[in-house]
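Undergrad: this one's structure only:
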């Protein structure tokens, strides 16, 4: 398995985890009082946007050739870390 394949698998697992978390929080939001509903909807949108960005980055990594992957590897990892952090911050606001 190449470094790129391992990275893509890690991204896929994280996206799957995020999808499960979004589903859980959507259920929580549905049970919220009206004054909290808008806040939950806003945070869920941010989480979905981060997930969608991560999926696009994952597809970019999957399609990159070996030479291109070598050139973009550090940038991809930094972007992934940033997306993960933003997702976690949005999730933390649910508490």
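TA: In hand now; what should we look at? All values derive from a computational prediction rather than experimental measurement.
Undergrad: same question for the longest helix anywhere in the chain, mean pLDDT?
TA: When secondary structure is assigned using DSSP state H, the longest helix within the chain turns out to be helix 34-63. Mean pLDDT, taken over the full extent of helix 34-63, equals 85.
Undergrad: and it, what does it pack against?
TA: In this structure, helix 34-63 packs against helix 3-30, helix 66-92, with contacts taken as 3 or more C-beta pairs under 8 Å, 6 or more residues apart in numbering; DSSP states H and E. All C-beta atoms are positioned from the backbone trio N, CA, C, and that covers glycine.
Undergrad: lowest average pLDDT across the ones you listed?
TA: With a mean of 81, helix 66-92 has the lowest mean pLDDT of these.
Undergrad: quick one: that helix to helix 3-30, angle?
TA: 20 degrees (axes from the mean of the first three to the mean of the last three C-alpha atoms, to 10 degrees).
Undergrad: helices or strands next to helix 66-92 in the packing?
TA: Helices and strands in packing contact with helix 66-92 are listed as helix 3-30, helix 34-63; criterion 3+ C-beta pairs under 8 Å, 6+ apart.
Undergrad: repeat the analysis, applying 6 Å as the threshold.
TA: For helix 66-92, the contact count by 3 or more C-beta pairs under 6 Å, 6 or more residues apart in numbering; DSSP states H and E identifies helix 34-63 as packing neighbours.
Undergrad: how about the helix it packs on: buried residues?
TA: By neighbour count on 16 or more other C-beta atoms under 10 Å, the buried set for helix 34-63 is 40, 43-44, 46-48, 50-51, 53-54, 57-58, 61.
Undergrad: how about TSV for those residues, with distance to residue 84 added?
TA: Formatted as TSV, the buried residues of helix 34-63 follow (distance: C-beta to C-beta, whole Å):
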residue	distance to residue 84
40	21
43	16
44	17
46	13
47	12
48	15
50	8
51	11
53	11
54	8
57	11
58	13
61	15
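Undergrad: what's the burial count for residue 84?
TA: Residue 84 is surrounded by 15 other residues when neighbours are defined as other C-beta atoms under 10 Å.
Undergrad: distance of it from residue 47?
TA: According to C-beta to C-beta, to the nearest Å, residue 84 and residue 47 sit 12 Å apart.
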